[in-house]
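A.B. asks: Need coordinates for the following:
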Amino acid sequence: MSAHGVTVPGGRWRLLADGAVQSLIGANGFVGLAGAFVVPTVSLFLADSVGATPLMIGLFFAARSIGEIGTDLAMGVVSDRLRDRRNVLVVTALLNAVGALCYALLRDYWVLLAAGMVCFGLGGACFGQLFAYTRELAEDRKVDATFFNGFQRSVTSLAWVAGPPVAFWLVAQWSFTVLYAAAAGLSLLAAAVCRWGLPPIARPAAEGADRPSGPGLRGAFAGLGGRTVLLLAATVLLLGANMMYQIDLSLRVTSELHLGAAFAGLLLGLSACLEIPLMIAVGAWAERIGKARLLLAATVCATLFFAVLPLAESRTALLLLQVPNAFWTAVVMNIPVVMLQDALPGRAGTASSLYASAFKTGMFLGGLAVGTVATWTGYGQVFWVCAGLTGAAGLLTQLARGTGPTAASTIDEGSAA
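C.D. replies: Numbers count the residues shown, from 1 in each chain. Purely as a prediction, here's the structure:
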């Protein structure tokens with residue numbers, strides 16, 4: 001261990017022998033797998049089992065996204081005032097289990113919409129709270145927080161590599177009822193691990209002095225400086241571009257390039273597989289290179305990727321482009337949340353909820369944008385819009401690095417920090 005209380009690179013991997021770390025890996029895996037069972041299948045479930053129209057399906061996703069943004073922020077503020085964050089993790093995991101059971105048993109559209117907004121709306125905060133607990137456990141074990149967060153995020157990515165194929169196999173072999181019952185079971189396992197597997201983490205009394213006292217959601221925005229706002233805006237743009245890509249890729253590959261749905265699945269799967277080691281590597285490099293430098297590099301990489309993508313029409317070109325795609329995605333899925341936590345010391349729950357809300361806002365806006373752009377210009381032109389969004393995110397990131405007298409110490413710290 002170094003004199004600064006951070007483990008040396010070799011010590012990072014010894015942390016895997018820690019029972020708390022193993023439990024956190026299990027909790028992340030169960031939550032990620034449950035989400036990978038539910039999220040990719042809901043549109044098909046609504047269309048086939050509920051008889052929802054495309055407009056109703058769009059309304060369903062939009063309503064859930066808006067609901068989750070508000071509840072994430074509220075849960076984040078509340079969690080920072082509690083002595084034990086595990087209580088929030090258990091409650092949100094149980095709410096996810098109830099939501100999945102509602103999907104398994106109910107077939108009325110409006111009842112499902114209400115159940116989704118309430119159960120998954122509140123339960124969705126589990127995503128941000130796992131980020132917060134990960135940060136607190138890293139500080140408690142005195143391990144590099146960025147590396148530790150990247151490692152835990154790679155567990156979620158692995159769940160999303162395996163989850164969707166298994167989910168559709170369960171539907172094909174049995175039914176949506178079996179699928180969502182399995183998702184409920186995974187959420188219950190996550191709740192059990194959070195309750196009995198994760199240890200309580202002592203939170204210094206001095207933390208309380210840093211916590212906002214304002215009521216309601218005002219507490220989530222207390223103390224946000226200009227740098228943090230710019231970082232949040234850049235994150236929303238990057239995640240919006242990523243969502244546009246996820247939605248548009250299969251349509252571009254099948255409808256315009258006529259390469260088949262299986263090849264579109266191969267591209268998404270390859271990128272997800274590459275992200276796993278890259279997330280770990282990015283976490284290991286972050287303190288040496290600087291988090292904001294890595295994020296800025298990711299915006300440049302993303303902009304070049306999206307600028308070239310409309311010109312790529314062969315299988316080989318599209319496969320090769322998944323390497324830069326995986327790099328910039330690995331950075332965006334790991335680094336911004338740690339930067340937000342750094343900017344809001346003692347408020348890991350609020351910072352993580354802000355990132356989760358930015359994540360869902362990007363998804364919501366990206367979903368709206370891709371339909372509008374593709375309708376008017378075609379699927380290939382959507383990627384030019386993505387390049388514009390990531391380029392704008394790069395400008396915001398650069399502005400964040402230069403904003404304020406202490407920008408260098410809080411936003412762009414490197415190994416010398």
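
A.B. asks: Can you pull out the low-pLDDT segments for the stretch 101-250 of the chain?
C.D. replies: Scanning the stretch 101-250 of the chain with the threshold set as pLDDT under 70 gives 202-224.

A.B. asks: ok, which stretches of it are helices?
C.D. replies: Counting by DSSP state H, counting those that start in this stretch, the stretch 101-250 of the chain has helices at residues 109-115, 121-123, 125-141, 145-173, 176-196, 205-210, 218-221, 226-251.

A.B. asks: Next, the angle helix 125-141 makes with the longest one.
C.D. replies: Same thing as helix 145-173. 150 degrees (axes from the mean of the first three to the mean of the last three CA atoms, to 10 degrees).

A.B. asks: coming back round to it: out of the helices of the stretch 101-250 of the chain, nearest to residue 77?
C.D. replies: With CB to CB as the measure, helix 218-221 is the member of those nearest residue 77 (4.2 Å). All C-beta atoms are positioned from the backbone trio N, CA, C, and that covers glycine.

A.B. asks: buried stuff in the one helix or strand residue 270 maps to?
C.D. replies: Assessed by DSSP states H and E, residue 270 sits inside helix 261-289. For helix 261-289, the neighbour count (16 or more other CB atoms under 10 Å) marks 263-264, 266-272, 274-276, 278-280, 282-287 as buried.

A.B. asks: Contacts made by stretch 289-305 with the rest, please.
C.D. replies: By CB atoms under 8 Å, 6 or more residues apart in numbering, the residues outside stretch 289-305 that reach it are 146, 234, 238, 241, 282, 285-286, 321, 324-325, 327-328, 331-332, 335-336, 338-339, 342, 386-387, 390-391, 393-394, 397-398, 400-401, 411-415.

A.B. asks: Could you tell me which of those residues count as buried?
C.D. replies: Using 16+ other CB under 10 Å, the buried members of those are 146, 234, 238, 241, 282, 285-286, 321, 324-325, 327-328, 331-332, 335-336, 338-339, 342, 386-387, 390-391, 393-394, 397-398, 400-401, 411-413.

A.B. asks: Mind checking which of those are in helices?
C.D. replies: Judged by DSSP state H, the buried ones among the contacts of stretch 289-305 include 146, 234, 238, 241, 282, 285-286, 324-325, 327-328, 331-332, 335-336, 338-339, 342, 386-387, 390-391, 393-394, 397-398, 400-401 as members of helices.

A.B. asks: List the residues that contact the closest residue to residue 263 other than its chain neighbours.
C.D. replies: Nearest non-adjacent residue to residue 263, counting by CB to CB, 6 or more residues apart in numbering: residue 253, 6.0 Å away. Counting by CB under 8 Å, 6+ apart, residue 253 touches 259, 260, 261, 263, 264, 267, 318.

A.B. asks: Lovely, talk soon.
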